[in-house]
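Q: Quick one: sequence plus predicted model below, questions after.
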Amino acid sequence: MSHMINRLYWVVTAVLFALGIAIVLLWTPTEVTMGPVQKIFYIHLPAAICTFLACLMTFIASIGYLLRRRRHWDDLASASASVAVLLASVVLVTGILWGKSAWGQWWTWSPRLTFSLILWLLYVVYMLIRPSIAGSQRRAVVSAVYGIIAFLDVPLVYLSVRLMPDIHPRSIQLAPAMHWTLLYWFIPVIMLSAGLIHAGYRIQRRASLRGDQRQSDFFPTGTAPAGATGAP
Amino acid sequence: MNGTTSAILAYVAALGLMWGYAAWIWFVGRHNDRPATGQRSKS
């Protein structure tokens, strides 16, 4: 039953994406001054907001792990961080393509672009350092502390455009049709992000439980060295 | 590069990244579901 619901969820998400593309192509008017490049905005902004939400999820799960020391918090933090990297990549790629058409250059070291690149790098490093830390408990603690510190860049990305002079637009005035298209695009992007975090969490969880099983098979109860065991 | 090309490239790249990752997660999940050699499936 849950397998069927899962499959239905992904089919609905795919259909909503296809419908979103049809709306952008056929229904939404082309912006007068910027032209067709403005249509990038409909995927760029929802991806950016979902990046923040995935980072927030990593932040909350990291705090959860440090408070409770339960492995499922670490699994959730890791799954959310992977999705944060994915979505931040989408934001950077779409932003770079926007920049080339709108500003005439691929990249500029403006505050928002720089902090966005730093955010992407922070979460890429999060994913890269995890496998290199020996001991599941130690890995979870280091990742949780790192996940909390990495989140500090999120407010910087958000506020940079408001507090510092920046080439990046602060807000864009949209016609009603454009406004509805933008709101619509939040639905499939949020659904995809949530689905990916859920799927990643299940994979992580299963791997953690298998790791714990292997550890408990290898070390009889009470003899495991410090940091070798997994969740309590 | 004109605006239309940029917009098309942006959507292709964004959807490719998102759904490419989704396909990879699906593949890993499916691979993990398989019982190890010598183990009986619980289903």
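A: Thanks, I have the structure now. Residues are numbered from 1 along each chain as shown, chains lettered A, B, ... in the order given.
Q: Which pLDDT does the model give A:Pro29?
A: Reading off the confidence values, A:Pro29 has pLDDT 88.
Q: Provide the secondary structure category for it.
A: Under the three-state scheme (DSSP: H, G, I helix; E, B strand; the rest coil), the conformation of A:Pro29 reads as coil.
Q: Give me every residue in chain B lying close to chain A.
A: Proximity of chain B to chain A, by C-beta under 8 Å from any C-beta of the partner chain, involves residues B:1-4, B:6-7, B:9-11, B:13-15, B:17-19, B:21-22, B:25-26, B:28-29, B:32. In this view, the C-beta of every residue, glycine as well, is placed from N, C-alpha and C.
Q: what residues are up against the residue in chain B that chain A sits nearest to?
A: Chain A sits closest to B:Gly3 of chain B, with a gap of 3.5 Å, by C-beta to the nearest C-beta. Neighbour list for B:Gly3: A:Met34, A:Gly35, A:Pro36, A:Val37, A:Gln38, A:Ser101 [criterion: C-beta atoms under 8 Å, 6 or more residues apart in numbering or on different chains].
Q: okay, the closest residue to the first one other than its chain neighbours: pLDDT?
A: Counting by C-beta to C-beta, 6 or more residues apart in numbering or on different chains, A:Met34 lies nearest to A:Ala102, which is 6.2 Å off, once chain neighbours are set aside. Looking at A:Ala102, its pLDDT stands at 84.
Q: burial measure for A:Ala102, as a count.
A: Counted with other C-beta atoms under 10 Å in any protein chain shown, the neighbours of A:Ala102 add up to 19.
Q: again with A:Leu159
A: A:Leu159, neighbours per other C-beta under 10 Å, totals 13.
Q: Just the buried ones out of the contacts of B:Gly3, please.
A: A:Met34, A:Gly35, A:Pro36, A:Val37, A:Gln38, A:Ser101 (16 or more other C-beta atoms under 10 Å in any protein chain shown).
Q: for the fifth one, what are its contacts?
A: Contacts for A:Gln38 were tallied using C-beta under 8 Å, 6+ apart; they are A:Thr30, A:Glu31, B:Gly3.
Q: what residue ranges in the chain score low on pLDDT?
A: You didn't say which chain, so I picked chain A. Within chain A, the stretches with pLDDT under 70 are A:1, A:212-232.
Q: that's the wrong chain, I wanted chain B
A: In the prediction, chain B carries residues with pLDDT under 70 at positions B:33-43.
Q: any idea which element the residue nearest the centre of it lies in?
A: Residue closest to the mean C-alpha point of chain B, counted by C-alpha atoms, centre = their mean, is B:Ala23 at 1.9 Å. Take DSSP states H and E as the rule and B:Ala23 turns out to sit in helix B:3-33.
Q: Tell me the buried residues in that helix?
A: B:3, B:6-7, B:9-11, B:13-15, B:17-18, B:21-22, B:25.
Q: where's B:Leu9 relative to A:Arg139, distance?
A: In this structure, B:Leu9 lies at 38 Å from A:Arg139, with C-beta to C-beta, to the nearest Å as the measure.
Q: I'd like the distance between the residue of chain B closest to chain A and A:Gly95.
A: According to C-beta to C-beta, B:Gly3 and A:Gly95 sit 15 Å apart.
Q: returning to what we had before: TSV for the contacts of A:Gln38, including distance to A:Arg7?
A: Formatted as TSV, the entries for the contacts of A:Gln38 read as follows, by distance: C-beta to C-beta, whole Å:
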residue	distance to A:Arg7
A:Thr30	36
A:Glu31	38
B:Gly3	38
